[in-house]
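Enquirer: Build the 3D model from these lines:
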Amino acid sequence: MVVDVFCSSLFRQVSDVHQAEVVKVIPSKFSGSKEVVPLQMRKLVSIYAQRERERERERGASTS
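Expert: Presented below is the predicted three-dimensional model:
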């Protein structure tokens, strides 16, 4: 219960995850307690998108 009070008094809810700095993790029943943790975002790039960029670079280099 302390986590809920802490969250509602110090943090505000946002609609977009990219605006968040911390998240409240609520585990399933009987597997731990609620916890506020910092949110670390990673930019994931698919292999397909990476290959497309490489092809674009090769096309640009061959036309120069």
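Enquirer: tell me which strands and helices the longest helix seen in the chain is in contact with?
Expert: For the chain, the helix that runs over the most residues, judged by DSSP state H, is helix 47-63. Judged by 3 or more C-beta pairs under 8 Å, 6 or more residues apart in numbering; DSSP states H and E, helix 47-63 is in contact with no other helix or strand. Quick note: C-beta positions are derived from backbone N, CA and C, even for glycine.
Enquirer: What confidence value was assigned to S8?
Expert: pLDDT, S8: 67.
Enquirer: The one 4 residues further on too?
Expert: The model reports R12 with a pLDDT of 85.
Enquirer: Three-state assignment for it, please.
Expert: For R12, the assignment made with DSSP: H, G, I helix; E, B strand; the rest coil gives coil.
Enquirer: Around it, count how many other residues there are.
Expert: R12: 8 surrounding residues under other C-beta atoms under 10 Å.
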